[in-house]
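Student: return a 3D structure for these sequence lines:
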Amino acid sequence: MFNLGHNLYMIISAIITVAILILLSRFAKEQKHKDFALKFFAVITVVIHFSSAYVSFFQTGTPDVGASMLLPIYPCNIAMWLLLITAFMKNKEGKAFKIMAEMTFYLGMVGGILGIVVNENYASTPTFTDYEVLKGMLSHSTMLLGVLFLLVGHYIRIRFDNMISIVAVLMLLLADGGIIIALCYMTGYDTAELNPMYLIEKPFENIPWLNTGTIGLIALAIGLLITITYEQIALKEEDRWYTVLKDKYERRHQR
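Tutor: Reported below is the predicted structural model:
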C-alpha cells in the first residue's frame, strides 16, 4: 500500500478523471450525449468488475468467481449497481431519479475514492500484475468517473436536501447487509467470511474505533458539511435551506 506503483496509479487516475470530466463538460452539451457517457461509465464498470472471471477461465479453464460477484457485500458493489440503474432510468426529471442519482453520487464518490486509496486487494497483493488487483482498481476509477459525471453533467445539484438521499443510501446498505447475514444464517455459511457491509468484522484492524456505526456517522457529518458549505458559498441567502424552510413555515401559518 502506498508504494511507487500505487502512488503513480492514484496520480494518473486522478489526472485522467479530471481531464475526461473537463472534456465532457465542454463537448457533451446535448442530453443524449450526456446520457450515453453516463451509460458507458456504468456498463464498463460492471464489465471490468466481472472480467476477472473470464480472464481466470481462459488462463486456467476454471472461472474464479469471487463472493462480491455473486452478492453485493461491499458498499462499492451497491454503488456500481445503483450507477447502472440510474444511468438507464428513462425519466431523468422525476423525483425517483433525483433520489437515486444523489444516492449514487455520494456513495459512489466515497466508495470510489476509498476503493482506490485503501484498496484491500492491493494491500494484500501490492502488484498490478495480478489481474484481480488491477481490475479492482480500474473498476473503482470508472465508477468514480460515472458518479462524478452525475454532478458535472448536471443530473444532480448539491443541496441541503441531499441529506435525505444520504440517509436513504445508508439505510439501504444496512438492509443489504442484514439480508445477506440472514441468508448466511439460513444456509449455515460463515458470516465472518463474507462480512457484508462490515457488519461482522471491522474494516481495518489497526483502526478499532472505525466500525459500521462510526462510518455512518462520519458519512452523515461529511454530507452535512458539504451541502451546507456549498449552499453558503454558491447560493443566495433566499435559496439556502434555512431560508426555504423559514418561508415554508411562514406560508403554512399564514393560511
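Student: going forward, measure contacts and count neighbours with C-alpha atoms only.
Tutor: OK.
Student: by residue count, which helix of the chain is the longest?
Tutor: Assignment by DSSP state H gives helix 31-60 as the longest helix of the chain.
Student: so after that one, what's the next helix or strand?
Tutor: Helices and strands here follow DSSP states H and E; after helix 31-60, the next one along the chain is helix 67-70.
Student: and the residue most central in space within the chain, what does it touch?
Tutor: Residue closest to the mean C-alpha point of the chain, counted by Cα atoms, centre = their mean, is Gly108 at 1.3 Å. By Cα atoms under 8 Å, 6 or more residues apart in numbering, Gly108 lies in contact with 76, 79-80, 143-144, 147.
Student: same thing but 6 Å
Tutor: Residues in contact with Gly108 (Cα atoms under 6 Å, 6 or more residues apart in numbering) are 79, 147.
Student: got the phi/psi numbers for it?
Tutor: Dihedral pair for Gly108: phi -70, psi -40, per degrees, to the nearest 10.
Student: buried stuff in the helix or strand hosting Ile12?
Tutor: Counting by DSSP H and E, the element that carries Ile12 is helix 4-27. By neighbour count on 16 or more other Cα atoms under 10 Å, the buried set for helix 4-27 is 6, 9-10, 13, 17, 21, 24.
Student: go on, stretch 28-46?
Tutor: Result for stretch 28-46 [16+ other Cα under 10 Å]: buried residues 28, 34-35, 37-39, 41-46.
Student: to the chain's geometric centre, what's the distance from it?
Tutor: Stretch 28-46 sits 16 Å away from the centroid of its parent chain (Cα atoms, centre = their mean, to the nearest Å).
Student: can you check stretch 232-245 too?
Tutor: Using Cα atoms, centre = their mean, the offset of stretch 232-245 from its chain centre is 27 Å.
Student: what about the closest residue to Lys39 other than its chain neighbours, how many residues nearby?
Tutor: Nearest residue to Lys39, sequence neighbours excluded (Cα to Cα, 6 or more residues apart in numbering): Ala87, at 5.1 Å. By other Cα atoms under 10 Å, the residues close to Ala87 number 26.
Student: now Ala101
Tutor: Neighbours around Ala101, by other Cα under 10 Å: 26.
Student: what strand or helix carries it?
Tutor: In the assignment (DSSP H and E), Ala101 maps to helix 95-117.
Student: distance between that helix and the chain's centre?
Tutor: 4 Å.
Student: tell me the SS of Ile218?
Tutor: Under DSSP: H, G, I helix; E, B strand; the rest coil, Ile218 falls in the helix class.
Student: gap between it and Asn206?
Tutor: Taking Cα to Cα, to the nearest Å as the measure, Ile218 falls 18 Å from Asn206.
Student: and these two? Which one has more around it.
Tutor: Ile218 (13 against 8).
Student: for the longest helix of the chain, what is the average pLDDT?
Tutor: Across helix 31-60, the average pLDDT comes to 95.
Student: which helices and strands does that helix pack with?
Tutor: helix 75-88, helix 131-152 (3 or more Cα pairs under 6 Å, 6 or more residues apart in numbering; DSSP states H and E).
Student: would JSON lines of these with mean pLDDT be doable?
Tutor: Formatted as JSON lines, the helices and strands packed on helix 31-60 follow (pLDDT from 0 to 100):
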{"stretch": "helix 75-88", "mean pLDDT": "96"}
{"stretch": "helix 131-152", "mean pLDDT": "96"}
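Student: figure out which of these is closest to Ser51.
Tutor: Ser51 lies closest to helix 131-152 among the helices and strands packed on helix 31-60, at 7.6 Å (Cα to Cα).
Student: any chance you could list what contacts that closest one?
Tutor: 38, 41, 45, 48-49, 52, 105, 108-109, 112, 116, 121-122, 128.
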